[in-house]
Every structure is written in structure tokens, then in C-alpha cells.
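>>> this is the structure alone, sequence omitted:
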Ligand SMILES: Nc1nc2c(ncn2[C@@H]2O[C@H](COP(=O)(O)OP(=O)(O)OP(=O)(O)O)[C@@H](O)[C@H]2O)c(=O)[nH]1
Ligand SMILES: [Zn+2]
């Protein structure tokens with residue numbers, strides 16, 4: 001979309017000494033135009049959080065030169081600084097520059113405890129999510145804590161990627177509409193948590209420090225995955241959640257082939273002959289020769305396979321449990337493909 005050298009750069013404001021600290025969580029807040037993302041940000045900043053929060057707004061405006069606001073909330077006070085991005089679109093180039101910009105900023109301004117990143121309603125939050133992830137591999141100071149999607153109760157969708165959805169503006173709809181929307185959200189993303197709000201007023205503990213992408217979360221993820229059912233889509237017929245369970249252990253190599261065929265080669269087709277397209281992927285798998293449960297995470301074409309701290313318990317049957325969210329998915333076909341690899345063992 002834009003030239004390489006149009007990539008955004010944050011312009012540092014002032015020097016400040018840095019105290020090295022642990023990795024800093026980043027929460028991505030996404031949602032359609034006007035859903036209530038900024039309302040949520042403002043609410044979080046003014047609530048008692050005892051964190052030094054940096055807010056990065058990544059919204060499109062008119063024209064190309066955009067001013068980005070960066071607010072640092074410290075001990076209840078709100079400092080506002082303006083940072084200029086040479087280009088409004090963080091996504092198009094964030095893979096290297098966006099993160100570097102944030103890291104530079106931290107070097108200059110001292111570390112933050114938390115970063116909230118509001119993406120525009122038009123951007124693909126997957127691209128933003130991926131970049132944090134790729135960078136984590138490179139030893140970044142940042143890690144992706146969770147993806148929150150704010151949904152306007154009267155309109156909109158954009159929920160396939162989310163770890164948490166906030167159905168906002170519940171004051172504008174009747175309970176029947178709300179419950180329909182709840183069903184729709186569930187049918188699209190069988191893993192997502194749902195909060196309902198007015199003016200994006202949430203309990204911060206349900207929003208920050210979700211650790212959605214951690215391996216430490218293996219136990220909770222196992223429980224969560226067990227509850228997910230394959231759902232028939234209602235409204236947005238193209239995006240749905242499918243899940244399957246296969247007992248036994250897989251070789252890491254075969255699993256990688258399966259995932260790469262699915263995510264990279266787009267080799268698997270549904271019954272209509274349409275290529276399956278995965279937006280989000282989570283799973284707990286049993287790898288051959290490994291005592292510990294492994295966790296599988298995917299965002300678009302990126303995926304990660306890691307050991308969790310948790311071992312398969314004595315007498316616990318090893319089961320591979322996978323959940324896929326995306327377009328043109330068929331759980332039975334995916335399971336067959338998975339099985340054909342596993343049975344090669
Ligand atoms: N009725 C009602 N209006 C709300 C609620 N929450 C937010 N709004 C209003 O909705 C409008 C959009 O809210 P924002 O927080 O700016 O939404 P946003 O998602 O950041 O919007 P963009 O950045 O433009 O995509 C504002 O006028 C808010 O005051 C709510 O719960 N009920
Ligand atoms: Zn906004």
C-alpha cells in the first residue's frame with residue numbers, strides 16, 4: 001500500500017533514563033469504526049490501574065500526515081504528548097518499524113508497564129498481532145497479551161481474532177437483540193470471552209493481563225478447548241469455529257507439515273472446493289517423546305508450537321485438541337487430514 005520509506009516512525013520527545021524490566025504486555029484493541037475503542041481506552045486510563053500505560057492510536061485520518069496521540073497515565077494523572085507518525089498506517093509497515101518505534105520510545109522515555117494499541121476499524125488486526133509475535137522471537141521487550149474486539153451492539157463484527165470481545169452500547173438494544181448478537185459472536189468465535197458494557201466500562205482485571213498467548217496458560221486452555229463446539233455460522237456465514245479431538249501423540253515434524261499445509265500452502269479445501277483460510281488457531285497437543293503438553297497458537301499464517309510447563313498426568317489419556325477460526329473451514333475434513341498424518345507414525 002505505501003512505499004517502504006513511508007513507514008511510520010515515532011518521533012521521540014525527551015530523554016529519560018531507563019530501568020530495565022521484564023517484558024511489557026501489549027493489548028490490541030480493535031473493532032469497527034465507532035464501536036467504542038477510544039471510550040474503552042479512556043476508561044482504562046482513568047481507572048485505578050497502578051500501571052504506567054502508553055497508548056498508541058493507530059487510526060486513519062484524512063490525508064497522510066497524521067498526528068498520533070500518546071498518553072502516559074501515571075498514578076492517576078494523565079500526561080498527554082503528541083507523537084508524529086510519518087504515515088498513519090501502523091499495519092502496513094509495523095513488521096519492523098512499528099515495533100522499533102515503540103522500543104525507541106521506551107528507550108527515550110523510560111519503560112512503560114503496559115501498552116494499549118488501538119487499531120483503526122479498517123485495519124487488519126491480524127497484521128498488527130503478528131508483528132508483535134514475530135518480534136517476540138527476536139527478543140523484543142514487548143509481548144502480546146491479548147486481542148480485544150469492541151463490538152457495537154447495534155452493528156458490526158470483527159471478532160474472529162479476538163481473545164475477548166466487549167459488546168458495547170448495550171443501552172441501545174433490547175435484550176432479544178443482545179442475545180442474538182451473543183449467539184452470533186459465539187458462532188463465529190467459539191473461544192472468545194464476552195463482556196457486555198455501556199460506555200466500555202469494564203472490570204480492568206478482565207481486560208488487562210490476559211496472557212492469551214502464553215504457554216503458562218496451558219491448563220486453562222485445555223479446559224477452554226474442551227468446551228468449544230463446532231458451530232454453524234449464522235450471520236457472517238463465511239467465518240466460523242471448528243474443533244476436533246484426536247487421541248494419541250503426533251510427531252513434531254508431522255504436525256508441522258499439517259499446519260504448514262493448512263496455513264501456508266492452503267492445501268485443504270472444504271466440500272465446496274474452497275480453500276480453508278485460518279484466522280486464528282489454538283490447540284493443546286501431545287508430541288511424541290515429550291512429557292509435557294504442547295501448546296499451538298496461530299494468527300493468520302504465523303504459528304508457534306511450544307511446550308507448556310504442564311506434563312500429561314499419570315493415567316491421563318493424551319489427546320490432541322485443536323480449534324480453528326476462519327473461513328471455509330470443515331472440521332471433519334481437517335480431522336481426516338490430521339489423522340492421515342498421525343497414522344503415518
Ligand atoms: N449510546 C452509547 N454510545 C456510546 C457508548 N460507548 C461509546 N459511545 C459513543 O460512541 C461514539 C464512538 O465511540 P469511540 O470510543 O470514539 O469509538 P471508536 O471505536 O474509538 O471509534 P473510531 O476510533 O472512530 O473507530 C462516541 O460518540 C461515544 O460517546 C455506549 O455504551 N452507548
Ligand atoms: Zn477511536
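Looks like it came in fine. Computed from a predicted structure; not experimentally measured. Ligands and ions are numbered 1, 2, ... in the order given.

>>> residues near the residue of the stretch 101-250 of the chain found nearest ligand 2, how many?
Nearest to ligand 2 in the stretch 101-250 of the chain, going by C-beta to the ion, is residue 118, at a distance of 5.7 Å. Every C-beta, even on glycine, is put in place using the N, C-alpha and C of the backbone. Close neighbours of residue 118, defined as other C-beta atoms under 10 Å, add up to 24.

>>> how about the secondary structure of it?
Following DSSP: H, G, I helix; E, B strand; the rest coil, residue 118 is assigned to strand.

>>> isn't it right up against residue 39?
No: at 10.6 Å, residue 118 does not count as touching residue 39 under the criterion of C-beta atoms under 8 Å.

>>> what does this protein have sitting close to ligand 1?
31, 33-39, 59, 121, 150, 168-169, 171-172, 198-200 (C-beta under 6 Å from any ligand atom).

>>> try 5 Å this time
By C-beta under 5 Å from any ligand atom, the part of the chain that sits against ligand 1 consists of 33-39, 121, 168-169, 171, 198-199.

>>> for this protein, which spans come out with low pLDDT?
The model of the chain has pLDDT under 70 over residues 1-21, 57-111, 120-125, 131, 133-140, 155-158, 215-237, 343-345.

>>> touching ligand 2 at all, stretch 32-49?
Yes: remark: stretch 32-49 sits within contact range of ligand 2 at 37-38, by C-beta under 5 Å from the ion.

>>> specify the local secondary structure of the residue of the chain found nearest ligand 2.
Nearest residue of the chain to ligand 2, counting by C-beta to the ion: residue 38, 3.3 Å away. Secondary structure assignment for residue 38 (three-state DSSP): helix.

>>> that one contacts residue 118, doesn't it?
Yes: counting by C-beta under 8 Å, residue 118 is a contact partner of residue 38 at 6.5 Å.

>>> how near is the residue of the chain closest to ligand 2 to residue 142?
22 Å (C-beta to C-beta, to the nearest Å).

>>> between those two, which one's more packed in?
Between residue 38 and residue 142, residue 142 has the larger neighbour count (other C-beta under 10 Å), namely 20 against 17.

>>> so the more buried one bridges to which residues?
residue 24 (DSSP bridges).

>>> my read: it touches residue 28, true?
No: applying C-beta under 8 Å, one finds residue 142 not in contact with residue 28, separated by 11.4 Å.

>>> need the overlap of contacts for these two.
By C-beta atoms under 8 Å, 6 or more residues apart in numbering, residue 142 and residue 28 have these common neighbours: residue 132.

>>> how about the strands in the chain?
In the chain, the strands defined using DSSP state E lie at 24-31, 53-58, 66-74, 77-85, 114-119, 142-152, 164-168, 193-196, 239-247, 277-285, 292-299, 302-311, 319-327.

>>> mind listing the strands the last one pairs with, and their directions?
Read it as strand 319-327. Paired with strand 319-327 in the same sheet, following DSSP bridges, are strand 239-247 (antiparallel), strand 277-285 (antiparallel).

>>> got the buried residues for the first one?
Of the residues in strand 239-247, those buried by neighbour count under the rule 16 or more other C-beta atoms under 10 Å are 239-244, 246.

>>> any chance of CSV for these, columns distance to residue 49?
Output for these, formatted as CSV (distance: C-beta to C-beta, whole Å):
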residue, distance to residue 49
239, 33
240, 35
241, 32
242, 37
243, 35
244, 39
246, 42
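
>>> residue 272: which of those is nearest?
Nearest to residue 272, judged by C-beta to C-beta, of the buried residues of strand 239-247 is residue 240 at 13.5 Å.

>>> does the closest one touch residue 323 like I think?
No: using C-beta under 8 Å, residue 240 is not in contact with residue 323, being 11.2 Å away.

>>> mind telling me which residue of the stretch 201-345 of the chain is nearest ligand 1?
Sorted by distance to ligand 1 under C-beta to the nearest ligand atom, the residues of the stretch 201-345 of the chain start with residue 201, at 8.1 Å.

>>> got a list of what the nearest residue to that residue once chain neighbours are set aside touches?
Excluding its sequence neighbours, the residue lying closest to residue 201 (C-beta to C-beta, 6 or more residues apart in numbering) is residue 43, at 5.7 Å. Residue 43 makes contacts with 199-202, as judged by C-beta under 8 Å, 6+ apart.
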